[in-house]
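Enquirer: Any chance you could fold what I've pasted below:
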Amino acid sequence: MGAGVAKRGSGGSRRRRSGRGRHAAMSEINVTPMVDVMLVLLVIFMVAAPMMTVGVPLELPKTAAKAVPTEQETPLTISLQADGKVSLMNSEVPQDQLIDRLKAISAERNSNKVFLRADGKISYSQVVQVMGALNGAGFSNITLVTDTGGPQLTAPAGN
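Expert: Numbers count the residues shown, from 1 in each chain. Okay, here's the model as predicted:
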């Protein structure tokens, strides 16, 4: 062999650098998986948040009404259950103490809006009595809460 032939692995560009090999530490953080997880969590919370407003289980009547736009402040919610119990937000309240509790809470709030949720089995007169008591106490901004997707009333033909 000639004197000018280099031996394989004796240097040149094939030599491995010292301290850096296949298992070198990465100096960059990949944030793509974190962003993906955060976007998924954001979507989940956006879907779940409207369902978590009040935890009293009721069988609300179904109507064709559109959903009321939500506000930034959580409105006061009164729930009338089928067995006659009354709940303010998530806690049960005796009917004779309802107005006093509402006045105490509303003194600390900017809005006097009240959401009234009534089980479909409650009589109309019970709902109207609670609405009258609320109105008499100064709560004139009362919103009745129902489930959407119910039957629509149509005008009779020929009128």
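
Enquirer: Please count neighbours and contacts with C-alpha atoms only from this point.
Expert: Fine.

Enquirer: Distance across stretch 87-97, terminal residue to terminal residue?
Expert: 11 Å (CA to CA, to the nearest Å).

Enquirer: Stretch 96-115 too?
Expert: 19 Å.

Enquirer: What average pLDDT does that stretch get?
Expert: Here stretch 96-115 scores 79 as its mean pLDDT.

Enquirer: Buried residues of it, list them for me.
Expert: For stretch 96-115, burial by neighbour count (16 or more other CA atoms under 10 Å) applies to Leu98, Ile99, Leu102, Ser106, Asn112, Lys113, Val114, Phe115.

Enquirer: Just give the number of residues close to Ala25.
Expert: For Ala25, the count of nearby residues is 8 (other CA atoms under 10 Å).

Enquirer: pull the longest helix from this protein.
Expert: Using DSSP state H, we find that the single longest helix of the chain is helix 32-48.

Enquirer: C-terminal to the least confident helix or strand in the chain by mean pLDDT, what's the next element?
Expert: In the chain, no helix or strand scores lower on mean pLDDT, DSSP states H and E than strand 62-63, which sits at a mean of 66. Next helix or strand after strand 62-63 toward the C-terminus (DSSP states H and E): strand 76-80.

Enquirer: list the helices and strands that following strand packs on?
Expert: Helices and strands touching strand 76-80, by 3 or more CA pairs under 8 Å, 6 or more residues apart in numbering; DSSP states H and E, are strand 86-88, strand 114-118.

Enquirer: who does the first one pair up with?
Expert: Translated: strand 86-88. Using DSSP bridges, the strands paired with strand 86-88 are strand 76-80 (antiparallel), strand 91-93 (antiparallel).

Enquirer: To Leu76, which of the helices and strands packed on strand 76-80 lies closest?
Expert: Proximity to Leu76 (CA to CA) singles out strand 114-118 among these, at 4.9 Å.

Enquirer: contacts for the following helix or strand past that closest one?
Expert: Per DSSP H and E, the first helix or strand lying C-terminal to strand 114-118 is helix 124-136. For helix 124-136, the surrounding residues in contact (CA atoms under 8 Å, 6 or more residues apart in numbering) are Leu80, Ile99, Ala118, Ser140, Ile142.

Enquirer: Need the three-state assignment for the fourth one.
Expert: What that stands for is Ser140. Following DSSP: H, G, I helix; E, B strand; the rest coil, the label given to Ser140 is coil.

Enquirer: How about it, nearest residue that isn't a chain neighbour?
Expert: In this structure, Ser140 finds its nearest non-sequential neighbour in Leu134, 7.2 Å apart by CA to CA, 6 or more residues apart in numbering.
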